[in-house]
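Peer 1: Sequence and predicted model, in that order:
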Amino acid sequence: MDGHRPPAAVLSVVLLAVLLPPSAASLEPFDRLYEDAVRAFYGGDFGGVVRLMEGALGSYAEVRRTKVRCRLRCQDRHPFPRTFSDLRFFDVVLRRAACMDGCIGDKLGTQSVHRVSQDVVQDFNRRIPYNYLQLAYQKLKQPDKAASAAHTYFQANPEHVEMGQNLEQYKDLQGVEEKHFVDREARAHQHSFTAAVRLYDSGDYEGAIALFEDALAEYYKADVECRALCQGPQRFEGHDHLRYRYSLHELVSDHFTQVLHCEHECVRDLATRPGRLSPMENYLPLHYDYLQFAYFQVDRLEEALQCALTYLLFHEGEEFMTDNVDYYREVLGRSGEPREKAAWYLRRHRQELELLLIGSKTMGVEFTEGNYWSSTGGRDDSNRIPSGTDGWMEYVPISEKRNVSVAAPQKLNEGGPLVYESVQLVQNSAALNGSQRVLLDHVLSEEECAELRHLAHVVTMAGDGYRGRMSPHTPNEKFEGATVLKTLQYGYEGRVPMRSARLFYDISERARRIVESYFLLNSTLHFSYTHLVCRTAITGQQDHRNDLSHPIHADNCLLDPEANECWKEPPAYTYRDYSALLYLNGDFEGGEFIFTEMDAKTITASVKPRCGRMVGFSSGGENPHGVKAVTGGQRCAVALWFTLDPLFRELERLQADEVIQALDTQSVWGQSLHINPKDEL
């Protein structure tokens, strides 16, 4: 969690925790509770799941609340004087540090120095505990609590097809009412804003005004808390601060710049709904737009003028709002002033930007100001709910989905020769209900499939390509993988037949040539990553499955189902242009490959794997895809990603090419192969 302290500080806090009364030091670390809850789940102790998981969520929330309270309290207790020297500045810094250290230690006990892995933190951010809770409450026959947990999870994971279907089923269960579909992690400012928009849309302007004002108050409160949470440890990529190579002011400026960037980005965080990648457009200014019109509707023109002027702070000179201001001023006979809170907020934002530009230059990193308040998001003149704010509680079954926004048809660039005589075209893009998609059979023979499956059983390693995580996508399956170069290394060492290792290399090249030819590419397609992968259903963990083997995603962009967008930016592998899955077997249960629409819910095509079958497609947002749960047996395939940019060619592939060339030219194999596995996917 908050990081690391010198050994003396650790000792003092531990001693303090021993001397404190039990209530102060008894907060159980949430990651331990979470791990115990997961173990209880797979052990069938669903009562234990509820007790431990609810405890983990409570502990997680209390840690967050404590850090916010202590940091804000210590800032108030030790303010910076209006004029001060360097010594006075560091005097305040040191006193705040001591204050926060003592406050957080008093409240959290030993958990104040407890370190939690980023994987667990990410699980809580993604609301994974609520998925377990939903299933546990379901087993305990408490459908009302299960519905609440499912609803909370689904708000941050709208692409989870099965959870959406579960919610539909809960609606029909006796004892489950609309009030049970509550988001337990709802952000107060967003909840009030959404409710206000609904009242506004219904014509209840007085009620809407009250809720919009509540939303603003909650927004500015959430901003303070968000900024307080930014004061924790920072990561410095490429900087070895443990060696203290930097001067005092360089070190302080680096850390301060990263904290300041986190605080500056609270604008984006507060406008982003749980589980989404993009913020709601024009979110904060939109409050003032709604308010100015609502105040006008109830004949409170002074407030309407004030809100209109406030909106113009964000979008200076906007024509329609300027016309409204002119009208209000003419009727009232005075000029009016914008709200001071918003004016101060924007002044601080601009000052932060100036400092960030200086700090980023000092650190030698590029900084680009985000588009925080795009004016494209606005109140609709017909008073309809703006895009991105409605439908928070809607669950529409796929079979009954209406008004699905469909991307404009793209010009298909496919239909080239399949290169190999045995390969058979099964379905093209039209048959697969999409663009730049193809399904082929007989890319491999039965003998080749059998040989590659045997190879996989020897060379694949649990968690390969996913930083050693045995179940990177779902806890209900074991994931194993191996690269081409690793396989050739095994062949060289005599651990597998070199013929089998060579086959893996050759069939991946076969797949590359087919994709390049079929999609009529006019430039060379290069390997970006090649992976022999197997997913195995874990025995005893299948009766409760409602997850996917591999969640819906796109290969070169960050899929944002709510915005119907796919953002081509890191950490996505933006350089990938085409993808292919070459299947080695079909003797398992589940595991169908699926394409969906951009909403990550509506399935447009489903492919049942079998030996020699290959699905190929372009890697962008036009082809969201995933894998249904493997509920029995083992599913093996060769996964391939390609790029048209030679700068992003797979390094291991180039090394493998050299190995193959050496084999083909009867080179001496006396030297060891230099393997540098690429840990990515």
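Peer 2: In hand now; what should we look at? Only a predicted model underlies this, so the values are computations on that prediction, with no experimental measurement involved.
Peer 1: contacts and neighbour counts: CA atoms only from here.
Peer 2: Fine.
Peer 1: Can you classify residue 552 by secondary structure?
Peer 2: At residue 552, secondary structure determined by DSSP: H, G, I helix; E, B strand; the rest coil is strand.
Peer 1: For the stretch 101-250 of the chain, which segments count as helices?
Peer 2: In the stretch 101-250 of the chain, the helices defined using DSSP state H, counting those that start in this stretch lie at 118-125, 128-139, 143-156, 161-171, 188-202, 205-229, 248-264.
Peer 1: Could you save the ones you listed as JSON lines and add columns showing mean neighbour count?
Peer 2: JSON lines is the format used below for the helices of the stretch 101-250 of the chain (neighbours: other Cα atoms under 10 Å):
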{"stretch": "helix 118-125", "mean neighbour count": "13"}
{"stretch": "helix 128-139", "mean neighbour count": "22"}
{"stretch": "helix 143-156", "mean neighbour count": "25"}
{"stretch": "helix 161-171", "mean neighbour count": "18"}
{"stretch": "helix 188-202", "mean neighbour count": "20"}
{"stretch": "helix 205-229", "mean neighbour count": "19"}
{"stretch": "helix 248-264", "mean neighbour count": "17"}
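Peer 1: Residue 608 is nearest to which of those?
Peer 2: Of all the helices of the stretch 101-250 of the chain, it is helix 161-171 that lies closest to residue 608, at 18.2 Å by Cα to Cα.
Peer 1: For the closest one, which helices and strands make contact with it?
Peer 2: helix 143-156 (3 or more Cα pairs under 8 Å, 6 or more residues apart in numbering; DSSP states H and E).
Peer 1: Just the CA coordinates for the helix it packs on, please, in PDB.
Peer 2: In PDB, the C-alpha atoms belonging to helix 143-156 read as follows (Å, rounded to 0.1, in the frame of the first residue of the first chain):
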ATOM      1  CA  PRO A 143     -31.000 -13.400  -4.400                       C
ATOM      2  CA  ASP A 144     -31.500  -9.800  -3.200                       C
ATOM      3  CA  LYS A 145     -27.900  -9.500  -2.100                       C
ATOM      4  CA  ALA A 146     -26.700 -11.500  -5.100                       C
ATOM      5  CA  ALA A 147     -28.500  -9.000  -7.400                       C
ATOM      6  CA  SER A 148     -26.800  -6.100  -5.600                       C
ATOM      7  CA  ALA A 149     -23.400  -7.600  -5.900                       C
ATOM      8  CA  ALA A 150     -24.000  -8.500  -9.500                       C
ATOM      9  CA  HIS A 151     -25.200  -5.000 -10.300                       C
ATOM     10  CA  THR A 152     -22.100  -3.500  -8.600                       C
ATOM     11  CA  TYR A 153     -19.800  -5.800 -10.600                       C
ATOM     12  CA  PHE A 154     -21.600  -5.200 -13.900                       C
ATOM     13  CA  GLN A 155     -21.400  -1.400 -13.600                       C
ATOM     14  CA  ALA A 156     -17.600  -1.700 -14.000                       C
END
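Peer 1: now for it, which elements pack on it?
Peer 2: In terms of contacts (3+ Cα pairs under 8 Å, 6+ apart), helix 143-156 is packed against helix 128-139, helix 161-171.
Peer 1: if you average pLDDT over that helix, what comes out?
Peer 2: Averaging pLDDT along helix 143-156 yields 90.
Peer 1: and if you look at stretch 335-349?
Peer 2: In this model, stretch 335-349 has a mean pLDDT of 94.
Peer 1: what does that stretch contact?
Peer 2: By Cα atoms under 8 Å, 6 or more residues apart in numbering, the residues outside stretch 335-349 that reach it are 264, 302, 305-310, 313-314, 329.
Peer 1: one step back: which among the helices and strands packed on helix 143-156 is found nearest to residue 550?
Peer 2: The closest of those to residue 550 is helix 161-171. By Cα to Cα, the value is 12.0 Å.
Peer 1: In the sheet, which strands lie alongside the longest strand seen in the chain, parallel or antiparallel?
Peer 2: Taking DSSP state E as the criterion, the chain has its longest strand at strand 526-537. Within its sheet, strand 526-537 is paired with strand 477-482 (antiparallel), strand 634-643 (antiparallel), according to DSSP bridges.
Peer 1: ok, then the element right after the longest one?
Peer 2: This points to strand 634-643. Next in sequence after strand 634-643, counting helices and strands by DSSP states H and E, comes helix 651-664.
Peer 1: now for that next one, which elements pack on it?
Peer 2: helix 484-492.
Peer 1: now with 10 Å?
Peer 2: Using 3 or more Cα pairs under 10 Å, 6 or more residues apart in numbering; DSSP states H and E, the elements in contact with helix 651-664 are helix 484-492, helix 498-518, strand 526-537.
Peer 1: Quick one: mean pLDDT for the longest helix along the chain?
Peer 2: The longest helix of the chain (DSSP state H) is helix 46-77. In this model, helix 46-77 has an average pLDDT of 86.
Peer 1: Tell me where the stretch 401-550 of the chain is predicted with low confidence.
Peer 2: Scanning the stretch 401-550 of the chain for pLDDT under 70 picks out the ranges 401-412, 463-473, 544.
Peer 1: rerun that using 90 as the cut-off
Peer 2: 401-414, 458-482, 486, 489-496, 522-523, 537-550 (pLDDT under 90).
Peer 1: for the closest residue to residue 262 other than its chain neighbours, phi and psi?
Peer 2: Excluding its sequence neighbours, the residue lying closest to residue 262 (Cα to Cα, 6 or more residues apart in numbering) is residue 230, at 5.8 Å. Taking degrees, to the nearest 10, you get phi -80, psi -10 for the backbone angles of residue 230.
Peer 1: From residue 546, how far out is the residue of the chain most remote from its centre?
Peer 2: For the chain, the C-alpha farthest from the mean C-alpha position belongs to residue 333; by Cα atoms, centre = their mean, that distance is 50.9 Å. Distance, residue 333 to residue 546, using Cα to Cα, to the nearest Å: 63 Å.
Peer 1: Then residue 144?
Peer 2: Taken as Cα to Cα, the span from residue 144 to residue 546 is 18 Å.
Peer 1: Can you show me the CA trace of whichever strand or helix holds residue 311 as PDB?
Peer 2: Residue 311 belongs to helix 301-314 when assigned by DSSP H and E. Extracted in PDB, the C-alpha atoms of helix 301-314 (Å, rounded to 0.1, in the frame of the first residue of the first chain):
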ATOM      1  CA  LEU A 301     -32.400  34.500 -13.800                       C
ATOM      2  CA  GLU A 302     -29.600  35.700 -11.500                       C
ATOM      3  CA  GLU A 303     -28.600  32.100 -10.800                       C
ATOM      4  CA  ALA A 304     -29.000  31.300 -14.500                       C
ATOM      5  CA  LEU A 305     -26.600  34.200 -15.400                       C
ATOM      6  CA  GLN A 306     -24.100  33.100 -12.900                       C
ATOM      7  CA  CYS A 307     -24.100  29.500 -14.200                       C
ATOM      8  CA  ALA A 308     -23.900  30.600 -17.800                       C
ATOM      9  CA  LEU A 309     -20.900  32.800 -17.000                       C
ATOM     10  CA  THR A 310     -19.300  29.900 -15.200                       C
ATOM     11  CA  TYR A 311     -19.800  27.700 -18.200                       C
ATOM     12  CA  LEU A 312     -18.000  30.300 -20.300                       C
ATOM     13  CA  LEU A 313     -14.900  30.000 -18.100                       C
ATOM     14  CA  PHE A 314     -14.400  26.500 -19.600                       C
END
